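Peer 1: turn this into a model:
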Amino acid sequence: MRAATVARHVRELRATNPLAAAEVAREMARHDYDAIFRSFLTDTDLRADDAGDVLTAFIILQWMVANDTKAEPSAAALRAVRRQMVAPMADKPPLSQPATRAAFAEQVKLRTVLHHAGWQAAQRLGIVPSFVATLPKDFIPPAKLRVVALTDDGLVGKGGRRAPAARAAAEAPPSVAAVAPPAAAEPLAEPRHAANWEQVEGVYFRSTTGVGVGGMVVIEFEPLILFRDGSFYEIDDAALEDVDLAAERAAKPRRFGRWTRSGDAYVLTGTGGKPDEYRLQEGSFFKAYPAESGERTIARSYRRMSGGGNSAMGGDVMIAVSSRYDFRSDGTYGRGGSVGATNSGATTGVGSAVGRRRAPEGGRYSLDRHTLTLTGADGRSRRLFFAYGSEKSPPQLDREMAFIGGSVFTNPD
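Peer 2: Prediction:
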């Protein structure tokens, strides 16, 4: 498997950089990358035969290179990064599939060894900034890693600021068709569970990890509703007043948990029974804000990049999804987006690329605290959860970041 891993990497690299491919082939013929990788794990609890531990080591190295530091992470920091960025991926491919997990681990080991070797060479030549600037886009962007610190709590924002998502490079915003004159809207049914808000202690959001463009590990954010009875709920798209909490708990128990607070320290315990402690505004747990009383419209655009695939770890497939909302002060909105996918063909010998823009939509909208109501040109309406983000400590409202439904969007302008 190791020989096949090297051969595949060299074959893919040869298509874009024949000289580098020849160098990698020559060096890997002389050295065992597995033995080199195992030496990185000396004096740590990480195991070279555990795909999750291997991915943890690669993420740590990316952070060290981006910050050009050789400070050794503590055992607690390694555990925290694994819990923070790798554990959420355990039930997703490739980590969830025994047939692909081993091959995935070998690819990550090789990438780790080559990344470390390139960093060492750049240090000797005094060209680390140039080396970092030329890193493949499927790495976690260095600019995102420079604004987080590696602590015993994992990767947390420096200076009390939130840790930004490791998003892919921005692409041109999709065009949005002009919004037609509003149709006569059908009355939206009254919310059946408006009393849910009477039970709420506060609305927050926390950092988590997900899979982004090309399968790279990205920092995401998820909104949380904390109730006065000590329970919490990872809210999805629907506005809280439309959620039957009892039915939701029965259908999706993993979205619920328990919380306690002592000062600025919050302890959240999920269905797995393991408590996680957060301090408000210190990198992983933040206050979320509603639209202000009387604030019914905004003049702002929000965008989100997401995706999938496996090119981040040397595979063939990259998927990128862009979604954008344009909210206007006259109460109209437009929405557009695009989906693109490429297959390098390195495995099959046949490359391919597909792309399409989603059909633009538009209509009218209104805000009411934590509820965004969208009424399409066809007159049909729906209510979504809404919240603004926050920054600094003590927290301050940040309109550059918004949760529309359960997904985080940012202002691209």
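
Peer 1: so the chain: which segments form each domain?
Peer 2: 32-160, 167-413 (automatic domain parsing).

Peer 1: before we move on, what SS does Ala122 have?
Peer 2: Of the three states, Ala122 takes helix under DSSP: H, G, I helix; E, B strand; the rest coil.

Peer 1: my read is that it contacts His116, right?
Peer 2: No: in this structure Ala122 lies outside contact range of His116 using CB atoms under 8 Å: 10.8 Å. (Each C-beta comes from the backbone N, C-alpha and C, glycine too.)

Peer 1: what's stretch 194-204 in contact with?
Peer 2: 223-229, 240-241, 243, 245, 266, 285-290, 370, 387 (CB atoms under 8 Å, 6 or more residues apart in numbering).

Peer 1: skip the chain neighbours and tell me the closest residue to Ala51.
Peer 2: Ala105 (4.0 Å; CB to CB, 6 or more residues apart in numbering).

Peer 1: to clarify, my last question referred to Asp264.
Peer 2: Counting by CB to CB, 6+ apart, the residue nearest Asp264 is Leu280, at 4.5 Å.

Peer 1: residues touching that neighbour, list them.
Peer 2: 264, 266, 286-287, 393, 395.

Peer 1: top of those by neighbour count?
Peer 2: Phe286 (29 neighbours; other CB atoms under 10 Å).

Peer 1: make sure it is indeed in a strand.
Peer 2: Yes: under three-state DSSP, Phe286 falls within a strand.

Peer 1: what pLDDT does it get?
Peer 2: With respect to pLDDT, Phe286 scores 95.

Peer 1: oh, and call the first residue 70 from now on, that's how I've got it
Peer 2: With 70 as the first residue, the last one maps to Phe355.

Peer 1: check contacts around it.
Peer 2: Phe355 neighbours (CB under 8 Å, 6+ apart): 231, 273-275, 290, 349, 458-460, 464.

Peer 1: quick check: which element contains His78?
Peer 2: Using DSSP states H and E, His78 falls within helix 71-83.

Peer 1: that helix: how far from the chain's middle?
Peer 2: Averaging C-alpha positions (CA atoms, centre = their mean, to the nearest Å) puts helix 71-83 28 Å from its chain's average.

Peer 1: for it, which helices and strands make contact with it?
Peer 2: Under the contact definition 3 or more CB pairs under 8 Å, 6 or more residues apart in numbering; DSSP states H and E, helix 71-83 sits against helix 87-99, helix 102-109, helix 167-194.

Peer 1: these into CSV, with extra columns for mean pLDDT, mean neighbour count and distance to Ile473?
Peer 2: Converted to CSV, these look like this (pLDDT from 0 to 100; neighbours: other CB atoms under 10 Å; distance: least, CB to CB, whole Å):
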stretch, mean pLDDT, mean neighbour count, distance to Ile473
helix 87-99, 73, 13, 42
helix 102-109, 89, 16, 41
helix 167-194, 81, 18, 33
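
Peer 1: turn those into CSV, including distance to Asp345.
Peer 2: Conversion of the helices and strands packed on helix 71-83 to CSV gives the following (distance: least, CB to CB, whole Å):
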stretch, distance to Asp345
helix 87-99, 40
helix 102-109, 27
helix 167-194, 25
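
Peer 1: closest one to Leu214 among those helices?
Peer 2: Counting by CB to CB, Leu214 lies closest to helix 167-194 out of the helices and strands packed on helix 71-83; the figure is 12.8 Å.

Peer 1: how far away from the center of its chain is the closest one?
Peer 2: Worked out by CA atoms, centre = their mean, helix 167-194 lies 22 Å from the chain centre.

Peer 1: equivalent analysis for stretch 293-309, please.
Peer 2: That offset, for stretch 293-309, works out to 20 Å (CA atoms, centre = their mean).

Peer 1: need the residues that contact it.
Peer 2: 260, 262, 265-266, 268-275, 291-292, 312, 314, 317, 324-329, 337, 439-441, 452-455, 474-476.

Peer 1: return the helix or strand in the protein with minimum mean pLDDT.
Peer 2: strand 421-426 (a mean of 69; mean pLDDT, DSSP states H and E).

Peer 1: state the next helix or strand along the chain beyond it.
Peer 2: Counting by DSSP H and E, what follows strand 421-426 is strand 430-437.

Peer 1: after that next one comes which helix or strand?
Peer 2: Next element after strand 430-437 (DSSP H and E): strand 440-445.

Peer 1: re earlier: any idea how far the residue nearest to Ala120 is from Arg71?
Peer 2: Taking CB to CB, to the nearest Å as the measure, Ala174 falls 11 Å from Arg71.

Peer 1: state the helix or strand in which Tyr457 lies.
Peer 2: Here Tyr457 is assigned to strand 450-460, by DSSP H and E.

Peer 1: that strand packs against which elements?
Peer 2: Using 3+ CB pairs under 8 Å, 6+ apart, strand 450-460 sits against strand 269-280, strand 286-296, strand 354-356, strand 440-445, strand 465-473.
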